[in-house]
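Peer 1: model the structure of this input:
(chains A, B and C)
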Amino acid sequence: MFLKNAWYCAGWDKDLSLGQDGLLARKIADQSILLYRKPNGEAVAMEDRCRHRSAPLSLGRKEGDSIRCMYHGLLFGPDGQCTQIPGMSRIPPGANVPVFPVVERDNWIWVWMGEPALADPDLICYAIGPSDPDWILRTNHLRIGASFRQEIANLADLSHLSWVHDMTLGGSEDWSFTRPTHELTPRGIETRYSVRRSPPPAFVKHLFPPDALFDIEAHVRLTVPCNFILRFAVHEAGDAKTGPTNGALLLDTFTSQAVTPRDAESVDYYFSWGTSRETYMPGIVDLMYEANETAFLEDKRMLEGQRERQRDYAGAPQIDIVHDAGPVKMLWVLDKLLAEEAAGAQAIREVA
Amino acid sequence: MFLKNAWYCAGWDKDLSLGQDGLLARKIADQSILLYRKPNGEAVAMEDRCRHRSAPLSLGRKEGDSIRCMYHGLLFGPDGQCTQIPGMSRIPPGANVPVFPVVERDNWIWVWMGEPALADPDLICYAIGPSDPDWILRTNHLRIGASFRQEIANLADLSHLSWVHDMTLGGSEDWSFTRPTHELTPRGIETRYSVRRSPPPAFVKHLFPPDALFDIEAHVRLTVPCNFILRFAVHEAGDAKTGPTNGALLLDTFTSQAVTPRDAESVDYYFSWGTSRETYMPGIVDLMYEANETAFLEDKRMLEGQRERQRDYAGAPQIDIVHDAGPVKMLWVLDKLLAEEAAGAQAIREVA
Amino acid sequence: MFLKNAWYCAGWDKDLSLGQDGLLARKIADQSILLYRKPNGEAVAMEDRCRHRSAPLSLGRKEGDSIRCMYHGLLFGPDGQCTQIPGMSRIPPGANVPVFPVVERDNWIWVWMGEPALADPDLICYAIGPSDPDWILRTNHLRIGASFRQEIANLADLSHLSWVHDMTLGGSEDWSFTRPTHELTPRGIETRYSVRRSPPPAFVKHLFPPDALFDIEAHVRLTVPCNFILRFAVHEAGDAKTGPTNGALLLDTFTSQAVTPRDAESVDYYFSWGTSRETYMPGIVDLMYEANETAFLEDKRMLEGQRERQRDYAGAPQIDIVHDAGPVKMLWVLDKLLAEEAAGAQAIREVA
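Peer 2: Here you go, the predicted structure:
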């Protein structure tokens, strides 16, 4: 079950070119979506299905602002209105195709899957895009055979860095002994981790003396459906007894990760990672990129293995642990929004 | 749901050799069929399943006119009679395998899937085979992941030439502004298209001056399950105000296409295309062959995409357009025959 | 439906190394099983699923005698007890993972899938392992897309040698005219074949004059779930009118084959074949190995084809033949044990 009234990331803006072949077919929350740009560059999102005989419009042809279905030639404007049926003078009712509000922000394309009147751009999650001049970021895309609830549980609890990523992003067991603070937000949670006097992650261990220790301040903003925005600052180990580290800032990093459910069994994962321009050093972002690629394949292997066991042992009892606090809170927010949406739809049915 | 009392094309006659390994396994209308030739060349079609423990007879061995199941050695005559069970002197009842009437005509092998007593060869569709001395035809075979009802809708309406095949068999929008005439036949429809003063199809455009125009007379005979026989004649553009073109005949082409449902989700497509010997010119049939290969992959892409949407949006409403006249008529004939068959089976059950 | 109270072969002992990566994930009778060795070499079998969020333990890490789940770091002893949850001082109830009795014998690893208290090692089937000094055996492993009931029917009736294996292990129709004797055992059947004055199998035909004839004494011990232990002795053709052959022993061969159901649709097949040291000759076991590889692919093709027909024609009637005596007896034993197990479970439920 997917939230309808939410912004879903449909990819990086560079995935959608102005070219004649720039027709992007995505599956978002069980819906088939066609994305394309009008000649003026504006993005359009519409249901990727002709209302005549269900041909995919993504096999169609751009004509100015419009899309022509290339099975029988029906022409659709960027508002989904069917404007021509070759050989007919009249357009029958029911020929129009639903379109979806689209906003581009932070180099991401966002599609609103619910009631268009409710599509408030202020609900788009905070992020920093790769074109931000203050940051040096690299991006990529991965598809994973897992549910987005699994992804939420993965991202709302960074204790897994110690284990899943012990050869890459992790480097000690500190992450699984750190107790973060979680704060509910209207559409997610904010989480802060303070890791103190910790060795460097495995992927940069060779850059430091063996006894090097660091303080880390991590700040996560997680919002529905599953957008994970993380500022991750590495400091020299400080000596403050309480509160934030007083060690000097070494590396200020930012990663924006949008996990978009395709269907119940798979997600599209659009992510960036890099450093502030101020703390950048040559090669560091490329190294982070490589480590991240490997780390996300570590997640993929674990989540797809978990999915298989969840299927084979459906309904088997499970236990909760202390690190579930983040996942539990985030899934609670999601389920609350789902329940509100269902109640709203029910109320509308009762009035009608 | 498939019509049982119908001839289904099982392939080209050259697909079935006299060789020791000449055992052809086909799936036709949800039935597994073994085809082979007796030493005298006659084709046999039988259920591809031993009645002992369901081993495929297509993994068996030809012995004279017979087939031996190579799991436990049961021997079956070309009439399906079990004639030997090694180690046993008696053949238990129930050991015989159903056989199906087979007719070879126009280089196609036809199998009757229903009541053998009703297998009237006159019900086999009209066609012209590649061995016809008056025609130069090339043939091929393709498997498509679509239902045969989608194929009927595709073939009973050539307006899609303008769109699906705009880079190959089409060349203008004329096909989608032409109103053909449809005529019901006992087991299908006949359709005639007259396209006037139309540019050449894309795949031969380079052979003509830019302003070349032609008249086309196309005559389609479509019969159940989905056999599409098309005579397609290209004329110089004429000036007759009404009736058939009076332009000189340039190229007389013929294509026989048998689309055989394997199951609800896939079809085997056996097709030919070429010209009359009289209008043949060197290289033309090879060019048609290449264009056809490409064009059928265009269909495959569209139909398989359509299938996916039909599955994902099962039961979603759809609209009808003017070009559905052919598909609607042909599917009406099919459904009428299916209903008659069901009623006949019901009547037999009531008598019994 | 699988017997729970039975020993299932999980592979050859050499499949399970002491290495850091020596984590073996098997599927046995619909259960996901992790196998690993403790530093002292003892094998452990446990459910391959963390009780926290179903992550596969086979993606975990060996730590001494224990396994750490590498998703959130839960640590499990070789008895399945959860001994650590990083970040927590208390282990919640329900965290322990089931373990399964394991015995290594004859170079095979055996896992008891049922009630641990009933895991009597005397119920492990008789076999001869490749490390037995009196035998020269080679081993391998194959996965087949068939049910283990099909495998039982295949192995409890060697008449199929004449047909499935006519190019390899068979060489005449004699196998399908031989009537073996079957004897019920508590957990299977024993079957004896005496083939007299028979030509050599196809794979050794070139080693003998064209008219060479042999006597064969074959002794099969088949036990649940599907363990097939065959002593196959080749003698010069003798002249004894009754009883065992009086021809001189030429080659004494032994094959141990354990067919372990993974799920309803596939099996893991662990097998050996070779000769006694006494009758060994250079190259003979390698030749047997090659022939066996080919022969088991012949079985695989037949059984997977049979499976497809069984699915497509579910519930269709079938006939029995004389050679079904072995399969019928063996399946009767299996079903009796299944019924007893179900009745026992029922009785326990009623007492409780």
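Peer 1: run through the neighbouring helices and strands of the strand or helix carrying A:G326.
Peer 2: A:G326 is part of helix A:325-351, with elements assigned from DSSP states H and E. With contacts taken as 3 or more Cβ pairs under 8 Å, 6 or more residues apart in numbering or on different chains; DSSP states H and E, helix A:325-351 sits against helix A:148-155, strand A:181-185, strand A:188-198. All C-beta spots, glycine's among them, are computed from the backbone N, C-alpha and C.
Peer 1: closest one to chain C among those?
Peer 2: Checking the helices and strands packed on helix A:325-351 against chain C by Cβ to the nearest Cβ gives helix A:148-155 as the closest, at 6.7 Å.
Peer 1: any idea which of the helices and strands packed on helix A:325-351 gets closest to B:A237?
Peer 2: helix A:148-155 (59.5 Å; Cβ to Cβ).
Peer 1: list the buried ones in the longest helix seen in chain A?
Peer 2: Among the elements of chain A assigned as helix by DSSP state H, the one spanning the most residues is helix A:284-312. Residues of helix A:284-312 classed as buried: A:284-285, A:288-289, A:291-292, A:295-296, A:298-300, A:302-310, A:312 (neighbour count, 16 or more other Cβ atoms under 10 Å in any protein chain shown).
Peer 1: and the residue minimising distance to the centre of chain A, what element?
Peer 2: The centroid of chain A falls nearest to A:A258 when counting by Cα atoms, centre = their mean (1.1 Å). Per DSSP H and E, A:A258 falls inside strand A:249-263.
Peer 1: need the residues of chain A near chain B, please.
Peer 2: When proximity is defined as Cβ under 8 Å from any Cβ of the partner chain, chain A approaches chain B at A:30, A:32, A:48-49, A:51-56, A:58-59, A:68-74, A:85-88, A:92-95.
Peer 1: quick one: buried ones out of those residues?
Peer 2: For the residues of chain A next to chain B, buried by 16+ other Cβ under 10 Å: A:32, A:48-49, A:51-56, A:58-59, A:68-74, A:85-87, A:95.
Peer 1: just those residues: which are in strands?
Peer 2: A:S32, A:R68 (DSSP state E).
Peer 1: which of the buried ones among the residues of chain A next to chain B come close to chain C?
Peer 2: Counting by Cβ under 8 Å from any Cβ, no member of those reaches chain C.
Peer 1: next step: the buried ones among the residues of chain A next to chain B restricted to helices.
Peer 2: Using DSSP H, none of these sit in helices.
Peer 1: ok, now which ones touch whatever residue of the stretch 151-300 of chain A ends up closest to chain C?
Peer 2: Taking Cβ to the nearest Cβ, chain C has its nearest neighbour within the stretch 151-300 of chain A at A:S176, 3.9 Å off. Counting by Cβ atoms under 8 Å, 6 or more residues apart in numbering or on different chains, A:S176 touches A:S159, A:S162, A:W163, A:H323, C:H72, C:G73, C:P86, C:G87.
Peer 1: now for these: which two are most distant?
Peer 2: Going by Cβ to Cβ, the pair spanning the contacts of A:S176 furthest: A:W163 and C:G87, at 11.6 Å.
Peer 1: A:H165: neighbouring residues, count only.
Peer 2: Burial of A:H165 is recorded as 25 neighbouring residues (other Cβ atoms under 10 Å in any protein chain shown).
Peer 1: nearest residue to it other than its sequence neighbours?
Peer 2: Distances taken as Cβ to Cβ, 6 or more residues apart in numbering or on different chains place A:A295 nearest to A:H165, at 5.0 Å, with adjacent residues excluded.
Peer 1: distance of A:E236 relative to A:N246?
Peer 2: 9 Å (Cβ to Cβ, to the nearest Å).
Peer 1: I figured A:S66 was touching A:L74, is that so?
Peer 2: No: judged on Cβ atoms under 8 Å, A:S66 makes no contact with A:L74 at a distance of 10.2 Å.
Peer 1: give the contact list for the residue nearest to the centre of chain A.
Peer 2: Per Cβ under 8 Å, 6+ apart, neighbours of A:A258: A:C9, A:W108, A:C125, A:A127, A:C226, A:N227, A:F228, A:Y269, A:Y270, A:F271.
Peer 1: ok, the third one to chain C distance?
Peer 2: Going back to what we said before, that points to A:C125. Using Cβ to the nearest Cβ, to the nearest Å, A:C125 is found at 25 Å from chain C.
Peer 1: for A:G80, same thing?
Peer 2: 41 Å.
Peer 1: before we move on, what SS does that residue have?
Peer 2: coil (DSSP: H, G, I helix; E, B strand; the rest coil).
Peer 1: for A:A127, grab phi and psi.
Peer 2: phi -160, psi 170 (degrees, to the nearest 10).
Peer 1: quick one, what contacts it?
Peer 2: If you count contacts by Cβ under 8 Å, 6+ apart, A:A127 has them with A:R105, A:D106, A:W108, A:N227, A:I229, A:S256, A:A258.
Peer 1: follow-up on the earlier one: quick one: the residue nearest to A:H165 and A:L169 touch, right?
Peer 2: Yes: contact criterion Cβ under 8 Å: A:A295 and A:L169 qualify, at 4.9 Å.
Peer 1: take the contacts of A:A127 and write them to a markdown table, including distance to B:P317.
Peer 2: Shown next, in a markdown table, are the contacts of A:A127 (distance: Cβ to Cβ, whole Å):
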| residue | distance to B:P317 |
| --- | --- |
| A:R105 | 34 |
| A:D106 | 38 |
| A:W108 | 33 |
| A:N227 | 34 |
| A:I229 | 40 |
| A:S256 | 39 |
| A:A258 | 33 |
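Peer 1: now, which of those sits nearest chain B?
Peer 2: A:A258 (22.7 Å).
Peer 1: ok so, going back, okay, the strand holding A:A258 in CSV with CA atoms only?
Peer 2: The C-alpha trace of strand A:249-263 is given here as CSV (Å, rounded to 0.1, in the frame of the first residue of the first chain):
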residue,chain,number,x,y,z
LEU,A,249,35.9,20.2,11.2
LEU,A,250,37.8,18.0,8.7
LEU,A,251,35.2,17.0,6.2
ASP,A,252,31.7,18.2,5.7
THR,A,253,29.7,15.7,3.6
PHE,A,254,26.2,15.6,2.2
THR,A,255,24.2,12.8,0.7
SER,A,256,20.7,13.0,-0.7
GLN,A,257,19.0,9.7,-1.3
ALA,A,258,15.5,9.2,-2.7
VAL,A,259,14.2,5.7,-2.6
THR,A,260,11.1,5.4,-4.8
PRO,A,261,8.9,2.3,-4.6
ARG,A,262,8.2,0.8,-8.0
ASP,A,263,5.9,-1.9,-6.6
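Peer 1: list the neighbouring strands of whatever helix or strand comes next after that strand plus their orientation.
Peer 2: Toward the C-terminal end, the helix or strand that comes next after strand A:249-263 (DSSP H and E) is strand A:266-276. If you go by DSSP bridges, strand A:266-276 pairs up with strand A:135-144 (antiparallel), strand A:249-263 (antiparallel).
Peer 1: quick one: which of those is nearest B:T185?
Peer 2: Nearest to B:T185, of these and by Cβ to Cβ, is strand A:249-263 at 44.1 Å.
Peer 1: between the closest one and helix A:284-312, how many degrees?
Peer 2: Strand A:249-263 and helix A:284-312 are oriented at 40 degrees to each other (axes from the mean of the first three to the mean of the last three Cα atoms, to 10 degrees).
Peer 1: helix, strand, or coil at the residue located most distally from the centre of chain A?
Peer 2: Distance from the C-alpha centroid of chain A peaks at A:S89, with 44.2 Å (Cα atoms, centre = their mean). What three-state DSSP gives for A:S89 is coil.
Peer 1: list phi and psi for it.
Peer 2: Torsion angles, degrees, to the nearest 10, at A:S89: phi -90, psi -20.
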